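Colleague: structure for this input, please:
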Amino acid sequence: MADYRRIASGMRYKQVRTIIGTEGEELSRSDMAQYTTIMYSWKNSNGSNMNAMFQNDRLVTKAQFGLLEVGTDELLRRTNEIRVGQP
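Modeller: Numbering: from 1, shown residues only. The predicted structure follows:
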């Protein structure tokens, strides 16, 4: 959640990707009237997720569901521990 809160309107996709630490999945793209609009999604193994919409490579909106009060690094570490511990 701390990383989510660091992400602000007007940031470029590369900045958001750097904060999150991984590429987003492109959900949709539209090119219309000199605007390129792209929606990206990031999903965690626990079902929590974040979506972000960019117009001309600038963040215009973001939304999240179920993100925990830990940083992305901590969440990824916990997810990797769970995967390693599974048979």
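
Colleague: need the contact list for the spatially most central residue of the chain.
Modeller: Central residue of the chain (C-alpha atoms, centre = their mean): Trp42, 4.2 Å from the mean position. By C-beta atoms under 8 Å, 6 or more residues apart in numbering, the residues touching Trp42 are 20, 22, 24-25, 49-52. Every C-beta, even on glycine, is put in place using the N, C-alpha and C of the backbone.

Colleague: please identify which two of these are farthest apart in space.
Modeller: Greatest spatial distance among the contacts of Trp42 (C-beta to C-beta): Thr22 and Asn51, at 14.4 Å.

Colleague: the closest residue in space to Ser30 that isn't next to it in sequence: neighbouring residues, count only.
Modeller: Counting by C-beta to C-beta, 6 or more residues apart in numbering, Thr37 is the residue found nearest to Ser30 once chain neighbours are left out, at 4.7 Å. The tally of other residues near Thr37 (other C-beta atoms under 10 Å) stands at 14.

Colleague: now Thr37: how far from Ala2?
Modeller: Using C-beta to C-beta, to the nearest Å, one gets 27 Å for the distance from Thr37 to Ala2.

Colleague: ok, then the element right after the helix or strand Met50 falls within?
Modeller: Using DSSP states H and E, the element containing Met50 is strand 49-55. Using DSSP H and E, the helix or strand that directly follows strand 49-55 along the chain is strand 58-65.

Colleague: tell me who's in contact with Lys62.
Modeller: Applying C-beta under 8 Å, 6+ apart, the residues near Lys62 are 4, 7, 50-53.

Colleague: from Ser45, how far off is Ile19?
Modeller: 19 Å.

Colleague: so for the two, which sits in the more crowded spot?
Modeller: Remark: of Ile19 and Ser45, Ile19 carries more neighbours, 17 against 12, as counted by other C-beta under 10 Å.

Colleague: I'd guess the more buried one is in a helix, am I close?
Modeller: Yes. Assessed with DSSP: H, G, I helix; E, B strand; the rest coil, Ile19 lies in a helix.
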